[in-house]
Structure formats: structure tokens, C-alpha cells
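K.L.:
Pasted the sequence and its predicted model underneath.
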Amino acid sequence: MQIKIIIVLFVLLPLVVFAKPIKTVELEIKKTPVSDLSIDEQINHYTALYGVEGSLIKKIVQCESEYKVTALGDGGRAYGLMQYHKASFERHAKLFGEDLDYYSSHDQIKLGTWAVAN
């Protein structure tokens, strides 16, 4: 019993009395805009957001444009990663409820993924 008291008095008590408070560190988390991510990361983001299988959107992009953001198709009437026709893009953007840029690869991924989900 005396040994326990001695341990408490001479070992543990000084640790409690002289212990310095734990230093807290605040971390700043920088959120990267989705439009600044790689094409695959954008696809991963929007497929997770809209509940679509990521591999499906990646296969669509591969098939339609081979990942070329400025790809032209359908006699010059389709443009971009998702090969949207301008009228279709504008109609979907209106249904989506945002003012999107037809020439933005990010907006094509965002809108194309939403369209597949809906």
C-alpha cells in the first residue's frame, strides 16, 4: 500500500501538476473547385453526387470524344467530351436550372452525368 502511495506522490502527481496543456493545431482545409479537378476526378465527383455508375460516364466520354475536350463530331454539330449538340445542351441546362457553358468540359460532365441520372 505504501508503495502505491509513493508512486502516486512521486511519479503521477508531478506529471499532473507540471504537465503542459496539449497544443491544439487548426488545419486549414482548402476546397478545390470541381472545375479545377482532372476529368476523371470530375466524373467521380458528379457520379457520386447524382448516383450514377462512374464507369458508365467514363465509357460514354471515351466513346464520344476519346477524352478530347474540344472534340467535334456529327458533322461539326456535336462538341466536347459528351458530344452534346448545342440545342440539346441548352435544353438540358434549362431543365437542370443552371446557366452552363456549352464549351466548358466541366459543365458538359456535370450536365451529361445529371442527364444520365434523370
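P.N.:
It's in. Numbers count the residues shown, from 1 in each chain.
K.L.:
so what's the nearest residue to D107 once chain neighbours are set aside up against?
P.N.:
Distances taken as CB to CB, 6 or more residues apart in numbering place L100 nearest to D107, at 4.1 Å, with adjacent residues excluded. C-beta coordinates here come from the backbone N, C-alpha and C atoms, glycine included. Neighbouring residues of L100 by CB atoms under 8 Å, 6 or more residues apart in numbering: 89, 93, 107, 110-111.
K.L.:
Give me the contacts around the one helix or strand I60 maps to.
P.N.:
For I60, the host element (DSSP states H and E) is helix 54-65. Helix 54-65 is contacted from outside by 39-40, 43-44, 46-48, 67, 71, 73, 78, 80-83, 109, 112-113, 116, using CB under 8 Å, 6+ apart.
K.L.:
Would you mark the buried spots in stretch 83-93?
P.N.:
Of the residues in stretch 83-93, 83-84, 88-89, 92-93 count as buried by neighbour count, 16 or more other CB atoms under 10 Å.
K.L.:
how close does the spatially most central residue of the chain get to Y84?
P.N.:
The centre of the chain sits closest to H45, judged by CA atoms, centre = their mean, with a distance of 3.7 Å. H45 sits 19 Å away from Y84, going by CB to CB, to the nearest Å.
K.L.:
Can you flag which of the contacts of L100 belong to helices?
P.N.:
Residues from those lying in helices, with DSSP state H as the criterion: 89, 93, 107, 110-111.
K.L.:
In stretch 68-84, which residues are buried?
P.N.:
Under the neighbour-count criterion of 16+ other CB under 10 Å, stretch 68-84 has 69, 71, 78-84 buried.
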